[in-house]
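Asks: Give the three-dimensional model of this entry:
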Amino acid sequence: MRLPAAVLWDMDGTLVDTEPYWIQTEFDLAERYGGTWSQAHALNLVGNDLLHSGRYIREHMGIDRTPEEIVDELLDGVVRRVEDAVPWRPGAVDMIEAVRAAGIPNALVTMSWERLVAPILAQLPPETFRVVVTGDRVNQGKPHPEPYLTAAAALGLRAEDCLAIEDSNTGARSAEAAGCLVLVVENHVPVLPTDRRVFADSLAGLDLAAVWAQRY
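Replies: Next comes the predicted model:
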């Protein structure tokens, strides 16, 4: 039975369903500063590097805040919500544990910054993720391949031997460009099919070997 050398996890929308937290925080920001916002604009940001999102919000929301200030306020709002309740995606925690039990390392590859990642990881056993790559620790965020290449290198592996799990086109493009096979579990946005993407309706009860077999 062939299995990936590692599983590289996206976080927002894949491991945890925090996208509604981000969207509500964006609408709160617009109300606070007299800007305008829409659900369509919010969905355009799914999976993006946070500073890219900050620049987009400044332009399209029309508020007089720097991208860095926008990101800080977004993180404040989302962290508060996560500290109240972590919205795990169906089957995600069980799959992480199954991967660990099989002796395969998990890595987290997220465009969220470390201060949002920390309270989520605090709800999981220590060393759940062998490597954690956050958006504030890379020079180029998704859809650039750097985040996934960084995670694979930190594990001492080739990205081509790793399975990435994503929920957005932006994240899937990043993982694909790095060389990973991408398992896509759509959530808030549709994801386009390609030869390097395998689709599943849910992580619950997923057969990892069957997914990885589609690589060959």
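
Asks: Work out for me the element the nearest residue to Leu29 once chain neighbours are set aside sits within.
Replies: Spatial nearest neighbour of Leu29, excluding adjacent residues (C-beta to C-beta, 6 or more residues apart in numbering): Glu73 at 5.9 Å. To be clear about C-beta, it is placed using only N, CA and C from the backbone, and glycine gets the same treatment. Taking DSSP states H and E as the definition, Glu73 sits inside helix 67-84.

Asks: and that helix, which residues are buried?
Replies: Pro67, Ile70, Val71, Asp72, Glu73, Leu74, Leu75, Gly77, Val78, Val79, Arg81, Val82 (16 or more other C-beta atoms under 10 Å).

Asks: Okay, the fifth one and Trp9: tell me how far apart.
Replies: Right, the one you point to is Glu73. For Glu73, the distance to Trp9 equals 26 Å [C-beta to C-beta, to the nearest Å].

Asks: Surely His60 forms part of a helix?
Replies: Yes - His60 sits within a helix when classified using DSSP: H, G, I helix; E, B strand; the rest coil.

Asks: tally of neighbours for Val189?
Replies: 16 (other C-beta atoms under 10 Å).

Asks: any idea how far it is from Ala92?
Replies: Val189 is 18 Å from Ala92, by C-beta to C-beta.

Asks: Check Pro20 too.
Replies: Distance, Pro20 to Ala92, using C-beta to C-beta: 16 Å.

Asks: So for those two, which residue has more residues nearby?
Replies: More neighbours surround Ala92 than the other of Pro20 and Ala92, with 21 against 14 (other C-beta under 10 Å).

Asks: That's all I had, so thanks and see you.
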